[in-house]
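Quick one, what's the 3D model for this:
(chains A, B, C and D)
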Number of protein chains: 2
Amino acid sequence: MVEQNLDLVFRALADPTRRAILARLAEGEATVGNLSEPLPISLAAVSKHLGVLERAGLVTREARGRERVCRMNPAALKDARAWLEFHERFWSERLDALDELVKITLGESGGTR
Amino acid sequence: MVEQNLDLVFRALADPTRRAILARLAEGEATVGNLSEPLPISLAAVSKHLGVLERAGLVTREARGRERVCRMNPAALKDARAWLEFHERFWSERLDALDELVKITLGESGGTR
DNA sequence: GCTACACTCAACCGTATGGTTGAACAGAAT
DNA sequence: ATTCTGTTCAACCATACGGTTGAGTGTAGC
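Numbering: from 1, shown residues only, chains lettered A, B, ... in the order given. A predicted model of the protein is given here:
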């Protein structure tokens, strides 16, 4: 359940164009047209990228007149950050423990590889 | 420079099999064979996944006899976490600011619409 | 009502991805 | 020396991805 969401979020973040869109969106809401202006790709391509971001829950698109205004949803980053943070911490602790073990082992046995 | 690394890291993390491999690796180093045991895919496929993880800097593979022992490298997660954290924070602040603005605007204008 | 605009949808294209199988290679075991 | 084992490599397959173009849809403006 959450796992699949991680798939979508990480995959969405793996593309530089999409990260650029998010960066632009961080400055405030924008229409699809606004977003596509600085990008060297077609409007349709941008629309597709927005679809990916939307499916990942990172962005919402709302119709306003004939425009679609996009907003970012920082909450969707939470799971991904939590995953990263957990593993980073977990691994670091493991490494520390390993380090400690090595020190102790070397100290006791005399360090003969 | 860092940007491209983010591509690789996020892309690597976007696959559930690869996250499973990382989770297994968090419990300690393992050979390619060890890693492939619980997985429902071929050894060759696991080897490929390890290639992806290695290119992203998340895992190192070292030859030990005829085996390859894999270890995780938590440092590689740092950039990704930093990116996420920054944007999450940045966006949250933005949203808070927007919230504040809305409150002020509504308070001043009388809140029509 | 017609035209212009903002956007999405659908079809298509080339390349990447995740999987397979079978051959190849290197180290261990006999 | 031969065989077995652990792993990679290469070729192949199906599907997904990121891009394009052109048609379609709905709203705005005259």
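
And the pLDDT at the residue nearest in space to the middle of chain A?
Note on chain A: the residue nearest the mean C-alpha position is residue A:13, at 4.5 Å, using CA atoms, centre = their mean. Residue A:13 carries a pLDDT value of 97.

Check residue A:23 too.
Confidence score, pLDDT, at residue A:23: 94.

which non-adjacent residue is nearest it?
residue B:87 (7.9 Å; CB to CB, 6 or more residues apart in numbering or on different chains). (Each C-beta comes from the backbone N, C-alpha and C, glycine too.)

likewise residue A:54?
residue A:61 (5.8 Å).

Name the helix or strand for the one you found, please.
Element membership of residue A:61 [criterion: DSSP states H and E] is strand A:59-64.

do you know how far the closest residue to residue A:7 other than its chain neighbours is from residue B:34?
Nearest non-adjacent residue to residue A:7, counting by CB to CB, 6+ apart: residue B:14, 5.7 Å away. Residue B:14 sits at a distance of 23 Å from residue B:34 (criterion: CB to CB, to the nearest Å).

cool, and residue A:54?
39 Å.

ok and the residue in chain A nearest DNA strand C?
Distances between chain A and DNA strand C by CB to the nearest atom of the strand are smallest at residue A:33, namely 2.4 Å.

ok so, going back, check which helices and strands the strand holding residue A:61 is in contact with.
Counting contacts by 3 or more CB pairs under 8 Å, 6 or more residues apart in numbering or on different chains; DSSP states H and E, strand A:59-64 packs against helix A:16-26, helix A:43-55, strand A:67-72.

One more pass at 7 Å, please.
helix A:43-55, strand A:67-72 (3 or more CB pairs under 7 Å, 6 or more residues apart in numbering or on different chains; DSSP states H and E).

so of the ones you listed, which one's packed in deepest?
strand A:67-72 (a mean of 18; mean count of other CB atoms under 10 Å in any protein chain shown).

who does that strand pair up with?
Here strand A:67-72 is paired, per DSSP bridges, with strand A:30-31 (antiparallel), strand A:59-64 (antiparallel).

Now mean neighbour count and mean pLDDT too, for the ones you listed, in a markdown table please.
Listed next are the strands paired with strand A:67-72 as a markdown table, based on neighbours: other CB atoms under 10 Å in any protein chain shown; pLDDT from 0 to 100:
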| stretch | mean neighbour count | mean pLDDT |
| --- | --- | --- |
| strand A:30-31 | 18 | 98 |
| strand A:59-64 | 14 | 96 |
